[in-house]
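Student: Model the structure of this input:
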Amino acid sequence: MEITKTEIYSSKLRKDYTLVVVADLHNREHTDVMNALSDIKPDYILVPGDLTHNLDNDNSLISCKTGLSFLEKAANIAKTFYSVGNHERKVNNECAEFIMGTGAVLLDNITEKQGEITFGGLSTGLFEECYGPTPPPDLNYLSEFVREDGFKLLLCHHPEYYPEYIRKTDVDLTVSGHAHGGQWRIFGQGIYAPGQGLFPKYTSGLYEDRLYVSRGLTNTAFPVPRFFNKTELSVIYLKKKDA
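Tutor: Residues are numbered from 1 along each chain as shown. As a prediction, the model looks like this:
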């Protein structure tokens with residue numbers, strides 16, 4: 001696991017913040033992640049989807065136990081926000097209640113303000129198996145979110161939503177995962193990402209100073225392993241910038 005560090009400046013902020021992005025954990029054991037979080041001591045922990053698998057059935061709290069156990073541990077370190085990726089799909093009521101009980105905040109097309117930062121979670125539009133273009137998200141929620149004030153930080157699992165739906169808004173920062181760094185990386189270029197296809201554009205790092213894509217923390221593309229593509233815990237330093 002590689003720990004990467006990125007600085008982002010904004011004149012909307014009056015102080016600096018440390019964020020950690022925990023993307024695409026996919027229900028794996030996470031002692032290494034917890035140790036790193038304890039050392040970093042972030043202000044906020046952001047989980048932009050695919051922490052678990054399929055939180056939409058009665059057995060989810062058992063089958064997703066490893067991933068969900070991350071939330072309570074993380075919430076004891078810092079305020080933790082969790083948005084819905086394609087492997088969670090539609091979170092059922094029992095699972096939503098469990099998540100709220102961990103101390104983490106589930107942002108399933110929901111907004112929460114924390115001082116000068118407004119956090120939102122734009123949930124996946126994928127509710128069934130789907131190949132090809134990713135179905136659109138809830139655009140009504142996105143419209144509501146962009147009308148909020150403060151520094152607008154959106155957790156959105158799918159980076160492919162950014163060019164089509166988010167770029168034209170005034171969302172200050174979108175944090176994504178899903179692409180797994182392009183699975184294979186050759187000369188810094190990802191080879192394939194779901195929803196983007198071959199040679200995807202948005203797979204790793206900061207784009208246009210407004211979209212951050214984490215390479216994620218596990219490999220689920222069995223039997224195709226990662227190649228020149230380490231798993232990643234992403235640290236983002238939000239810094240105030242004089243107007």
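
Student: So the one residue sitting closest to the centre of the chain versus Phe228, what's the distance?
Tutor: Taking CA atoms, centre = their mean as the criterion, Pro48 is the residue nearest the geometric centre of the chain, at 1.8 Å. Pro48 is 23 Å from Phe228, where distance means CB to CB, to the nearest Å. (Each C-beta comes from the backbone N, C-alpha and C, glycine too.)

Student: got a pLDDT number for Asn92?
Tutor: On pLDDT, Asn92 comes in at 85.

Student: quick one: low-confidence parts of the chain?
Tutor: 128-132, 220-223, 243 (pLDDT under 70).

Student: mind listing the helices for it?
Tutor: Ranges of helices in the chain, per DSSP state H, are 31-40, 60-63, 65-75, 93-101, 139-146, 161.

Student: partners of the closest residue in space to the residue nearest to the centre of the chain that isn't next to it in sequence in the sheet?
Tutor: If the residues on either side of it in the chain are set aside, Pro48 comes closest to Leu155, at 4.4 Å by CB to CB, 6 or more residues apart in numbering. Note on Leu155: beta-bridge partners Gly121, Val175, judged by DSSP bridges.

Student: quick one: Leu155 and Pro225, what's the gap?
Tutor: On the measure of CB to CB, Leu155 and Pro225 end up 27 Å apart.

Student: swap in Leu51?
Tutor: For Leu51, the distance to Pro225 - CB to CB - is 21 Å.

Student: These two - which one has more neighbours?
Tutor: A count of neighbours by other CB atoms under 10 Å puts Leu51 above the other of Leu51 and Pro225, at 32 against 10.

Student: so who does the residue nearest to Pro48 touch?
Tutor: If a contact means CB atoms under 8 Å, 6 or more residues apart in numbering, then Leu155 has 46-49, 81-83, 107, 119-122, 174-175 as its contacts.

Student: Which of those ranks first by neighbour count?
Tutor: Tallying neighbours with other CB under 10 Å puts Pro48 at the head of those, with 33 neighbours.

Student: Looks like that one contacts Asn86 (just checking).
Tutor: No. Using CB atoms under 8 Å as the test, Pro48 is too far from Asn86 to be in contact (11.5 Å).

Student: what's the overlap in contacts for the two?
Tutor: In contact with both Pro48 and Asn86: His157, using CB under 8 Å, 6+ apart.

Student: Go ahead and confirm Thr102 touches Gly67.
Tutor: No. Under the criterion of CB under 8 Å, Thr102 makes no contact with Gly67, lying 11.4 Å away.
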